[in-house]
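Asks: take a look and give me a structure for this.
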Amino acid sequence: MSDYRAAPRTVVEACFDPQGTASLAYVYDLAAAAGLADQPVRLAIRRLEAAGVLRQEGRGRKGRLLLTDTGRLRTDQDAQLIALAYAQDAGRAPWDGRWRLHTFSVPEQHRPERDALRAALTRLGAAPLTPGAYLSPHDLRAELVTETSESTVGDYLITAEATRLTGPGFTDPTSIAERLWPAADTVQAYRPLADALARQPLTPDPDELVVAALELADAFSRALEQDPLLPPELRPTPWPPAQLRRAFQDRWTAIRLRAPDLSLFRAFDTPGAPSA
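Replies: You can find the predicted model right below:
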């Protein structure tokens, strides 16, 4: 196996069952199998609790973690992004040729709402054109309501659609995509996943399977966080991230068959992905 060490947050998030509950005993056992000490895991739990993602009941190994409504919402959003990625890869979500412009002007006294809009647009893969103006090939309004609030979107966000966009270096849709979302940056974001896939032989050892699954899940999640998930029509063909997502799904399915009852694998299933 490699010298990889899972991010403590990845370990914590991997332990939740479909009901949104995680035993602290299981969290710490999984962390130990991945070569992590208890302290960084406790710190990750505190940070996730401070962010409103989870709450802890009880102390020590007899306690448990519960996803909050915010945590469940974030999990659902992540699942939707994964489903979109695989739907686009399979040609089931063709682009309609429309650009979506999301603009806002928020007074300084409401700066937290302005910051929330910026953070949400960035997380959802929109690119800044000018201060307060973001572009995306996707309609993000519903997701922005979920990520911020209905009042924030209703009070400050203006959206528009266009089939033609001109400006410096904006000559056609693919040149717009390359200027705002350089292909090389997205490909580079998938390099850790490519490396993980290249160095992981299948093994019957349960502990090694857990570490392998954590490494793949961590690399896949980090790549997806940096991927704006542009429609395939705006990317070169073949598109390396799409190929790596398919390779990930094939490897994930093979690992999961070795330990079908381990909750770690259910937590990181990829909805919308093709079956192996």
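Asks: make it CA atoms for all contacts and neighbour counts henceforth
Replies: OK.
Asks: mind pulling up the pLDDT for T146?
Replies: Per-residue confidence (pLDDT) for T146: 87.
Asks: same thing with the one 10 residues further on?
Replies: Each residue has a pLDDT score; the one for Y156 is 95.
Asks: which non-adjacent residue is nearest it?
Replies: Counting by CA to CA, 6 or more residues apart in numbering, Y156 lies nearest to F104, which is 5.3 Å off, once chain neighbours are set aside.
Asks: where along the stretch 1-150 of the chain do the strands fall?
Replies: Along the stretch 1-150 of the chain, counting by DSSP state E, counting those that start in this stretch, strands occupy 21-23, 54-57, 64-67, 99-104, 127-130, 133-136.
Asks: adding distance to T253 and mean neighbour count, write those out as a markdown table.
Replies: Shown next, in a markdown table, are the strands of the stretch 1-150 of the chain (distance: least, CA to CA, whole Å; neighbours: other CA atoms under 10 Å):
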| stretch | distance to T253 | mean neighbour count |
| --- | --- | --- |
| strand 21-23 | 23 | 20 |
| strand 54-57 | 28 | 17 |
| strand 64-67 | 26 | 21 |
| strand 99-104 | 36 | 20 |
| strand 127-130 | 34 | 15 |
| strand 133-136 | 32 | 21 |
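Asks: can you put those strands in TSV and add mean pLDDT and distance to P182?
Replies: Shown next, in TSV, are the strands of the stretch 1-150 of the chain (pLDDT from 0 to 100; distance: least, CA to CA, whole Å):
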stretch	mean pLDDT	distance to P182
strand 21-23	93	39
strand 54-57	94	35
strand 64-67	95	35
strand 99-104	96	17
strand 127-130	92	11
strand 133-136	96	14
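Asks: where are the low-confidence patches of the stretch 51-200 of the chain?
Replies: Applying pLDDT under 70 to the stretch 51-200 of the chain picks out residues 200.
Asks: what ranges do the helices span in it?
Replies: Ranges of helices in the stretch 51-200 of the chain, per DSSP state H, counting those that start in this stretch, are 69-89, 111-123, 141-147, 150-156, 173-180, 183-189, 191-199.
Asks: contacts for the helix or strand following the last one next, please.
Replies: Same thing as helix 191-199. Using DSSP states H and E, the helix or strand that follows helix 191-199 in sequence is helix 206-226. Residues outside helix 206-226 that contact it (CA atoms under 8 Å, 6 or more residues apart in numbering) are 1, 4-7, 10-11, 14, 30, 33-34, 82, 123, 125, 186, 189-190, 192-193, 196-197, 200, 202-203, 245, 248, 252, 255, 259, 264-265, 268.
Asks: ok, now with 7 Å
Replies: Outside helix 206-226, the residues that touch it by CA atoms under 7 Å, 6 or more residues apart in numbering are 6, 10, 33-34, 186, 189-190, 192-193, 196, 200, 203, 255, 268.
Asks: list the contacts of the nearest residue to L230 once chain neighbours are set aside.
Replies: Counting by CA to CA, 6+ apart, the nearest residue to L230 once its immediate chain neighbours are dropped is P137, at 7.0 Å. P137 sits next to R98, W99, R100, L230 when contact means CA under 7 Å, 6+ apart.
Asks: appreciated, that's everything.
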